[in-house]
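Asker: based on what follows, work out the 3D shape:
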Amino acid sequence: PEGVSATVTIRVILNPLQYVAAGSTNPVAPYTSWATATPDIQDAVDAGIVGGQVLVGDGTYAIGGRAVAGGVTNRVVAAKPLALRSLNGPQFTVIDGGQTVRCVYLGDGASLSGFTLTNGTADNGGGVWCGTTTTVISNCVIAGNSADDGGGVYNGALFQCTLSGNSASGSGGGAYGNLLSNCTLSDNSAAGSGGSG
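Answerer: Numbers count the residues shown, from 1 in each chain. Now for the predicted structure:
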């Protein structure tokens, strides 16, 4: 007879943008400014929303690790559709797998732009594994990675990328199962199809 009352809190996000800074000493979730940026790319990706962006400042990112289906560990897992991009390009922003993990796992609808991906290792796609051939990677340097197939990249659409010094024990030293546009491939090696398979 007295009725029912409820309180609902609605949070409006005007700028769906998360920030990452290698030297940050004051990370505060959800990392919506440089002053509260996280030093861990994965933290920002986790805090990001579908359709949002993660902006990464200059530096080498060699911390963190998350396993995905199949048990392969990745430095960064972007399983939801968001854009992961660097502030100043691949000359200044590096994701390093440390010869122990894959650099980046990109799910359907995720994109990656402006990074150097190096020292990654995995069963497929030591530098990057993409959910589909339409997952977009642009303006990246993918170098010194290794895998069974796709030493540098497995799947994905690559635009204006450089793939060099990657290796595969199977096929596609640089890339495997990819669409490549305006990309440079050099010094990649594999048992079959050293550049791209």
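
Asker: rest of the way, CA atoms for contacts and neighbours
Answerer: OK.

Asker: quick one: the residue most central in space within the chain from Asp187, how far?
Answerer: Residue closest to the mean C-alpha point of the chain, counted by C-alpha atoms, centre = their mean, is Val104 at 3.9 Å. Relative to Asp187, Val104 is positioned 22 Å away (criterion: C-alpha to C-alpha, to the nearest Å).

Asker: picking up where we left off before, any idea how far Arg75 is from the residue nearest to the centre of the chain?
Answerer: Here Val104 is placed at a distance of 6 Å from Arg75 (C-alpha to C-alpha).

Asker: next: Pro39.
Answerer: 13 Å.

Asker: packing partners for the helix or strand of the chain with the lowest mean pLDDT?
Answerer: Within the chain, no helix or strand scores below strand 189-192, which has a mean of 84 by mean pLDDT, DSSP states H and E. Contact partners of strand 189-192 among helices and strands, from 3 or more C-alpha pairs under 8 Å, 6 or more residues apart in numbering; DSSP states H and E: strand 167-171.

Asker: list the contacts of the strand it packs on.
Answerer: 144-152, 173-174, 188-194, 196-197 (C-alpha atoms under 8 Å, 6 or more residues apart in numbering).

Asker: one more: stretch 51-71?
Answerer: Contacts of stretch 51-71 with the rest of the structure, by C-alpha under 8 Å, 6+ apart, involve 16-22, 40-42, 44-45, 48, 73-77, 81-88, 92-98, 101.

Asker: mean confidence score for that stretch?
Answerer: Confidence over stretch 51-71, taken as the mean pLDDT, stands at 92.
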